[in-house]
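> Sequence and predicted structure, then a few things I'm wondering about:
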Amino acid sequence: MKKCPYCKIDVGGDLKKCPLCQSKLAGVAGEAYFPKQTHRKIQSFLYKLQLFIIWTLIIAGIGVDFLFDIRIPHFENVHYSLIIAMWLIAFEFGIMSQFRRGGGSSRKMTLVVFIILALLSVTAYYFDFLELTLNWICPVAITGTMIANFVLAMIDRKGNAMVYLLTNLLVGVLPYIVLHFWDKKMPATWIICTLMSVILFVGAIIFKSRSVAGEIRRRLSV
Ligand SMILES: [Zn+2]
């Protein structure tokens with residue numbers, strides 16, 4: 001049994017410091033109370049290591065871009081280091097949210113897809129492939145996410161994914177409304193995306209009517 005010379009208490013196990021005053025304990029260590037957490041330690045070290053590498057990349061990139069004034073050929077006006085920094089910081093937030101408990105896979109997936117699409121659109125604006133991104137990549141990725149959300153909502157017994165189906169409907173129909181009032185011609189991919197969101201919503205009502213009604217009631221508190 002170990003003893004704290006200041007608090008005058010006996011401390012079992014193999015602790016090195018007093019749990020009350022953090023002073024060094026005297027006496028002989030007993031058998032350990034808690035299992036050693038080496039796995040967590042390694043995980044925490046790897047996390048810090050990648051965090052350090054990411055920040056090194058961000059700082060080095062900004063240094064090369066602004067201080068040495070080295071630019072990508074044909075894109076002399078683009079501060080590419082800011083775009084790289086934007087992606088790396090988003091990646092870091094992604095890792096952090098993966099470590100956090102709860103939220104559900106549906107929520108995480110939807111959030112990740114939308115953040116990636118937003119960053120991609122900014123990148124595409126500077127590197128001149130915005131049209132491809134807005135007309136093809138975004139609607140295809142959103143349609144894919146909606147289908148995955150639908151499958152998750154169908155197999156989820158607690159009905160947590162239901163709210164994402166309802167969000168799906170909004171996300172699928174909103175671009176159509178925006179483009180309609182913007183007086184732009186609707187690309188076929190967005191039309192398919194919109195139709196898909198309505199079809200999946202109808203599917204949700206047919207297969208999970210009770211859970212959809214419950215979700216609406218809970219959200220609107222009616
Ligand atoms: Zn003490």
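On my side now, so go ahead. Numbering: from 1, shown residues only.
> So D10 lies in a strand, does it not?
Yes. Looking at D10 with DSSP: H, G, I helix; E, B strand; the rest coil, it is inside a strand.
> excluding its backbone neighbours, what's nearest it?
M1 (5.0 Å; Cβ to Cβ, 6 or more residues apart in numbering). Glycine gets a C-beta too; all of them are placed from N, C-alpha and C.
> Over to I89?
Here the residue nearest I89, using Cβ to Cβ, 6+ apart, is I58, at 7.5 Å.
> Just confirm F66 contacts S81, I think it does.
Yes. Contact criterion Cβ atoms under 8 Å: F66 and S81 qualify, at 7.2 Å.
> now the helices for the protein?
Ranges of helices in the chain, per DSSP state H, are 38-62, 80-99, 104-127, 130-132, 138-155, 162-181, 188-207, 209-220.
> Serialize those helices to CSV and add fields for distance to Y6 and mean pLDDT.
Shown next, in CSV, are these (distance: least, Cβ to Cβ, whole Å; pLDDT from 0 to 100):
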stretch, distance to Y6, mean pLDDT
helix 38-62, 29, 87
helix 80-99, 37, 85
helix 104-127, 47, 85
helix 130-132, 67, 87
helix 138-155, 55, 86
helix 162-181, 54, 74
helix 188-207, 64, 86
helix 209-220, 54, 73
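> which residues touch W182?
Contacts for W182 (Cβ atoms under 8 Å, 6 or more residues apart in numbering) come out as none.
> Give me the distance between it and W190.
12 Å (Cβ to Cβ, to the nearest Å).
> hmm, back to that, with mean neighbour count added, can I get the helices of the chain in TSV?
Formatted as TSV, those follow (neighbours: other Cβ atoms under 10 Å):
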stretch	mean neighbour count
helix 38-62	12
helix 80-99	15
helix 104-127	16
helix 130-132	12
helix 138-155	19
helix 162-181	17
helix 188-207	17
helix 209-220	13
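> Redo those as CSV? Include distance to A29.
Conversion of the helices of the chain to CSV gives the following (distance: least, Cβ to Cβ, whole Å):
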stretch, distance to A29
helix 38-62, 18
helix 80-99, 32
helix 104-127, 43
helix 130-132, 65
helix 138-155, 49
helix 162-181, 52
helix 188-207, 59
helix 209-220, 53
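> Let me know which of these is the nearest to the ion.
Taking Cβ to the ion, helix 38-62 is the member of these nearest to the ion, at 25.1 Å.
> Contacts for the closest one, please.
Outside helix 38-62, the residues that reach it (Cβ under 8 Å, 6+ apart) are 80-82, 84-85, 88-89, 91-92, 95, 99.
> And for stretch 26-36?
Counting by Cβ under 8 Å, 6+ apart, 1-5, 12-14 sit against stretch 26-36.
> So among the residues you listed, which ones count as buried?
For those, a burial check counting by 16 or more other Cβ atoms under 10 Å picks out 2, 4.
> restrict the contacts of stretch 26-36 to contacts with the ion.
Among the contacts of stretch 26-36, the ones lying near the ion by Cβ under 5 Å from the ion are C4.
> Any chance of TSV for the contacts of stretch 26-36, columns pLDDT?
Converted to TSV, these look like this (pLDDT from 0 to 100):
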residue	pLDDT
M1	86
K2	90
K3	91
C4	92
P5	91
G12	86
G13	86
D14	85
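> Could you pick out the residues of the protein near the ion for me?
So far as Cβ under 5 Å from the ion goes, the chain lies against the ion at 4, 6-7, 18, 20-21, 23.
> Which of those residues sits closest to A213?
Nearest to A213, judged by Cβ to Cβ, of the residues of the chain next to the ion is L20 at 54.5 Å.
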